[in-house]
Structures are given as C-alpha cells and as structure tokens.
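> got a predicted structure plus its sequence, pasted below:
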Amino acid sequence: MKTVRRLFFLALVLSAPASVSAQNELQVYRDPADQLAATQILYDYLTGLAWDYLDAREKEIAAIKSPGQVAERQKLVREKILATLGPLPEKTELKPRITGRLERDGYFVENVVFQSQPGFYVTANLYVPSRGKKPFPAVLGTCGHTLDGKASGVYQTVWIDLVKEGFVVLTFDPPGQGERLMYWDPDLGQTWLEGTTAEHSLPGIQCLLTGANAATYFIWDMIRCLDYLESRPEVDPKRLAVTGNSGGGMMSAYIAAVDTRLAAAVPSCYMTSWRRLWATIGPQDAEQNMLPFIGSGLDFGDYALAFAPKPYLMNTAIRDFFSIVGARETLAEVKRIYGILGAEEKVAQFEADDYHGYTRPRREACVRWLRKYLLSVDEAYTESEPVLEMERDLWATPTGQVLTSFKDAGTIGTLNAAFARRIGYKPGMPASGAELERWREKLIAKAKELTGFTRCEGELDIQLRGYVRRPGMTVEQLTYLSEPGIEIPALLCRPDNPAGELPAVLYVPAEGKADEIGEDIAALAAAGHIVLVPDVRGKGETARLSKRDNLFQKWFSPDWDMALMAFHVRKSLVGMRATDLVRAVDVLKKVLGEEKKVVAVGKGAGSVPLLHAAAFDSRIAGVAVQNGLVSWKVVVEAKYHLRQLDNVVLGALAWYDLPALAAAIAPRPLVLGNTADPMGNFIPAEKAAMSYGEARHCYELTGGDLVFIDRREGLGIGQAYAAVLR
C-alpha cells in the first residue's frame, strides 16, 4: 500500500501544470472543453435515462394495431397518470353559492364559489347565454399563469366568444391565482411570492414529499368544476368540452385524459413532446410535472391518445417556447391511433405564426372546432370585439381573496400537511438489538428504492489532474468514476504532518468543494486529517445552473430543473449524490488502504445525501452534520421553505424521515450541529433534539454517541465534532 501511495503522489507531480492562476487554482478541470463537459455530466446522464424510457414507449405505441389495443393503452394511461398524483380526495358537498350576477347583451355572468374539498374554496365565473335553446353545451375554461386568473383580459375574451356562440362557460381561478393566492398578505395587498409559478411550486415541493403532486389539486378542482356544470339545468352533460392556454392548456390536456365525461378538448400552447421540451426549456413549475411521468412510460401524446376518438384540437404557435416540432411529431403519432378507431379527422393541429398566448387566430380556431362538434355548425367564424369586465366585478368573494374571506380556507400547503399527518411515517422504537437490525434493514431497503440509489462496483478510474500547495497541506486534484458516465472532480487534502491515528475525512460542502478550503478543511488538515472533498454531481464544477430566471434558483434550488428531470426518470439528487459519496469512500479506501478509518462531515445542502450515504454504507464510521435540515416533516408543515428541492425524495414521508436515517446510523457516532429549519434558520440544539426521539432511543439502545450542539462562532471544527473526528 505504501508503494501505491508513492506512485499516486509521483504521478500527480509529473502531471501537474507549470502554472495555475490564483483565480482557478482549485479547479480540477483546466481546459475549457473539459469544464463545459463537466457542467453537462448530470444533464447528459439524465437525458440518457429519459431517452431510454421514451424509446421503450415509442415501441409500445408502434405496436398498437387494433381498437382493443388502443383501449388497453387508454386504461393504462389513466392508471399511470393517477398513480403519479397520489390518492384523489373523496367527493364531498360542493356547497355552491352565487355571489353576484352581471347582465350583458346576449348572456349573463354569475360569480360562483364552491368547495372542491372541505375548506378548499374555488372561485369561478359562469357565463350563460340568455338566448337560445336549452340545455346548452358547456365549456370548462382553464386559465394560464396570470395573477388575475379568470379575470385576465385575454381569457375573458375567449369565454365571451364562446358564450355568444351558445356555450355555457365555467372558468375558475387555479390555486395560486386570482382570488386564490396562497401566500397573500393583506397588509401588502399582494402575494409574498414573485409570480404564479412560485405560488404553485412552493407547495408543490411539499406535495412531492408526501407522494402527492400539486397537479392533484388542479385536476381535482377541474373534476369538481365538471360536477358543478352537470348540476346546472342550463347545461347538457353530454356536450362538455374544455379549453385553455399555456398552464390552462396543460390543465385541459390533463382533465381530458382522466375524465371521460368530456366530449371535446382544445388545449392551446402546451402540446409538444417530452424529447423536445427536455432539450429546450426543460421542466416547468410543480404542477406541470406529474412525477415520474417519463419513467412511467408516458409522453404528451398519451394525453390525446387517452381521449380518442373524441374531437381533439391541438392549438399551437409556430414561435412558441413549447416546441412546434414536438407538437407536429405528437400529432402524427396520435393521428395514427385515431385512424385505428376510424376517427382520423377528429384530431387536428391548428398552427398560428405567432408567439405563446391565446391570440386571436387560436381563439377563432377553438370556437370553430367546438361549434363544429358540439353545435353541428361547420362554417367560418370571426371574432367580434368583446366588452371586458373589471376584475373587481368578477370577484366571487367579498374581499377578492379566499384567505381573507373564509376563516376555514385552506391552501395546497395546508391540505398537503393534513394529508402528511394521515399517511406519514410513524417512528419505530425497536426494543432490542435484533429488532433494531430488522428495522434498519427494512428502512434502508426502502430508502434505496425511493431515492433511486445505485451501488456501483465498477472501476474507479482515479485520474490525477494536478496539485496545489496551501499552507500546511498539499491539495491533490483528481477525478473518479461514481458510475458509468459520471466523473466526479475532487480535492484530496494531504497535511504536511499527517496524524496516522486520526481518521480520514470525507467532507461534503453545501455547494462547491473549494468554498471552505481555507476554513474548516484547512483546520482538519492542520490537525493531521487527510480530507477528500468531492463535487457531487450538480455541484461545484459539475453544476449546470438553470437558464430560467433567478426566482426558481432563489426559492427552489440552484439546479431545480435537474432535480425535476431526475424525478421524471425515477432518480433523485439525494440518491445520486449518495452514490457519489459512497464511491468517494471507495476512493479513500483505495488510496489510503482498506484499514483506514473514514468519517464524514457534511454542511447545509450536502447533509441529506450524506445521511443517506452513511445509512447505506457502514464503512462511514461516524458523521457530523452542520446546518442540515432538521426533518422533512417540518418542511411540509411550514408555510415557507427555501431551496429544499434538492432535499426531496418522492413519497419519502410515508416511509421514513431524516431522524429515522439518524437512527439507522446508530451506534456510529453522529453529531448534529446548528440544525436548520426549512428556511435555513438556526434551531437551538435542545429544540432540535426534540425531533429526534427515535434516534435518541436507538442510540441509547446501542450505546452509541448522538450529540446535538450549537456551534458558536470561533468554536473549531475539531472541538465541535470531536465525537466523530477522534
């Protein structure tokens, strides 16, 4: 082993570049091409998995040749979509109330409020023709991402177009829009968040932890909207349709796929294909990701396929950010399926040479389509200039917000928290060592399954890239293979005066590996520890920051789109990063010898993957975590949370929580320092310990050390985490 170590250092010296700028001296990758490739590693890996799923689906669709096979696929699609949503609520009394009425030329508008589930108030407008023969066909109008929701001028125009042509129209505010802002502050007179996507995604992240989805609430609202339409005597329940644009196009596609009561559908500025969406703008906000959608063998075409052979118009824009090429490819696929059912003419695509939005050409195409199939009127249609209403006149609530109008009003966040309390993991208290082992084995198996963790046994392929001298240590720059296609850059910090009796330290920073090289890492090396600091995939040199605006990075995660892409293909950042850390232990054992003791220190966002890695790999002899999230439970219970998407494991709370992982590490020493709440704020040690009753019990049972500390400024890492580092 000494010979291996001498060769390791010699190869390093020989491969070191002659000079390195001070600015990037700790970067493992020096060549710009290598640097770019590193930022693409995670994306390319996930893309490969996505393409495998989509390739397999395409073969399944190509194999459909008969109406019976179409019916089987439709049943499968509905089952798979519903499986991504978690259980739907039970139907309860809608308790509808008409709170206002506007008389207009040829129609009237009723302001309506009802409860799609107890305490979840839906604000809506019902447009009803005042002339013509009843019952009328009806359209569910779904809104895109506008803060004023159903009252947005462009959407009012669509509803007025339709009601003037003889359709009843029910349009509603989606959660987080219009009168249903979930983070409304009455003193500010606005939401605390910056736009509808944050209103959707903040509770959407909480839903993922329970195995539900923000889309569950959107879809359930639409199901109950159709229930309300069916209750109205003016409506013909056999002639129900849906249309909407952008986020409303998404909702139109969703409800058409799962609710068989609809007779026609016109989603606008949404339909494309996942290959094209993935390669262009990527995933969108929470409710637009029914997870794991791609990993369930689904694509956009399945929305329309599930609706066959009923009339389905894909309303599209050539210059939309939803790829027009993807829409055309999807149409070709779906048209073949409609052809099998003898209804090829009932699925079509309208293209306008314009941009994203429910613009006039698409509005007119929608009216023509719905008139043709629900009114048997097949002729040209030209839109007239509508008279729009003031937003205030369309309020269904007294204050313009459900949260300030109804004392029992709930939000997606509060309803999901109640759901979590019903289905959530109940801490186990093993009474003996044997019971603990059985419990631990079951928990670890489930955690590996849910995180998508893989244990790679292949070649590490350690590559030495250079070295840097720092006071008291030599920093070796290297890469290793975590799994095929995933090369991890890392720093191996060798002290000038190593203390052979001290353990090597796997150091997991909150972000990049170079961030703390002059702080705690330098202190560990000064004490004689050898320290390995990897950039787990998606961090440091391997980070591929989203091209979206800073809002998503601010609230959700710097690499939020990578997190969602991972969920789509049955992976998670937590599980993949745990794989990287277990392989980092392999590196330390290979370089330093199997007999070398290895402990780990994790900071901030590195803490959740580290807890999983330590639970999965008993070679990690002790763990210290600083500024780590206290539990997932507090995330779903909180109103606000910050940058927690990285920490999510889909459906985890039904099976385990972070304190359970801590218990699974027993009796190996574990120190939790400066534990954090969902906003990243410090929780005093005494209070943090109260959340870890299960872990404290297991440590008492095994005689191990579980320590909660408040690491004050100036308290050195060696002293703070002495229970682990000795």
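Perfect, I can see it now.

> pLDDT on stretch 143-156, on average?
Average pLDDT, stretch 143-156: 97.

> touching it from outside, list them.
123-125, 141, 171-174, 177-181, 191, 195-197, 244-249, 269, 285, 357-358, 386, 388-389, 391, 394 (Cβ atoms under 8 Å, 6 or more residues apart in numbering). Glycine gets a C-beta too; all of them are placed from N, C-alpha and C.

> return the subset of those lying in strands.
Counting by DSSP state E, the part of the contacts of stretch 143-156 found in strands is 123, 124, 125, 141, 171, 172, 191, 244, 245.

> give me the distance between the fourth one and residue 554.
Here the distance between residue 141 and residue 554 works out to 32 Å (Cβ to Cβ, to the nearest Å).

> higher neighbour count, those two?
residue 141 (29 against 14; other Cβ atoms under 10 Å).

> beta partners of the closest residue to that one other than its chain neighbours?
Closest residue to residue 141 apart from its sequence neighbours, by Cβ to Cβ, 6 or more residues apart in numbering: residue 171 at 3.6 Å. Under DSSP bridges, the beta-bridge partners of residue 171 are residue 125, residue 141.

> could you count how many residues lie near residue 171?
With other Cβ under 10 Å as criterion, residue 171 counts 30.

> that one against residue 138, yeah?
No: if you go by Cβ atoms under 8 Å, residue 171 and residue 138 don't touch, sitting 11.2 Å apart.

> now do stretch 177-190: distance to the chain's middle.
24 Å (Cα atoms, centre = their mean, to the nearest Å).

> pull out the buried residues from it.
Buried residues in stretch 177-190, defined by neighbour count with 16 or more other Cβ atoms under 10 Å: 177, 178, 179, 180, 181, 182, 183, 184.

> for residue 328, what are phi and psi?
phi -70, psi -40 (degrees, to the nearest 10).

> so which residues of the stretch 301-450 of the chain form helices?
For the stretch 301-450 of the chain, the helices defined by DSSP state H, counting those that start in this stretch occupy 301-305, 324-340, 360-370, 402-405, 412-423, 433-451.

> against which helices or strands is the fourth one packed?
Read it as helix 402-405. strand 120-129 (3 or more Cβ pairs under 8 Å, 6 or more residues apart in numbering; DSSP states H and E).

> what comes up buried for the longest helix anywhere in the chain?
Of all the segments of type helix in the chain, defined by DSSP state H, the longest one is helix 32-62. Under the neighbour-count criterion of 16+ other Cβ under 10 Å, helix 32-62 has 34, 38-39, 41-43, 45-47, 49-50, 53-54, 57, 61 buried.

> next SSE after it?
The helix or strand immediately downstream of helix 32-62 is helix 67-85, counting by DSSP states H and E.

> if you average the pLDDT over that following helix, what comes out?
The model assigns helix 67-85 a mean pLDDT of 98.

> hmm, who's touching that helix?
By Cβ under 8 Å, 6+ apart, the list of residues contacting helix 67-85 reads 60-61, 63-64, 88, 212-213, 215-216, 219, 254, 257-258, 290-293, 296-298, 302, 305-306, 308, 337, 340-341.

> how about stretch 186-199?
145-147, 175-177, 181-185, 202, 247, 284-285, 401, 404, 551-552, 555, 640.

> check contacts around the residue nearest to residue 141.
Taking Cβ under 8 Å, 6+ apart as the test, what residue 171 contacts is 124, 125, 127, 140, 141, 142, 143, 150, 155, 159.

> between the residues you listed, which sits nearest residue 567?
residue 142 (24.3 Å; Cβ to Cβ).

> OK, contacts around the residue nearest the centre of the chain?
Among the residues of the chain, the one closest to the centroid is residue 564, at 4.3 Å (Cα atoms, centre = their mean). Counting by Cβ under 8 Å, 6+ apart, residue 564 makes contact with 282, 283, 289, 291, 645.

> buried only: go through these for me.
Buried among these by 16+ other Cβ under 10 Å: 282, 283, 289, 291, 645.

> let me have those residues in JSON lines, extended by secondary structure and distance to residue 81.
Shown next, in JSON lines, are these (DSSP: H, G, I helix; E, B strand; the rest coil; distance: Cβ to Cβ, whole Å):
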{"residue": "282", "secondary structure": "coil", "distance to residue 81": "21"}
{"residue": "283", "secondary structure": "coil", "distance to residue 81": "17"}
{"residue": "289", "secondary structure": "coil", "distance to residue 81": "12"}
{"residue": "291", "secondary structure": "coil", "distance to residue 81": "11"}
{"residue": "645", "secondary structure": "helix", "distance to residue 81": "22"}
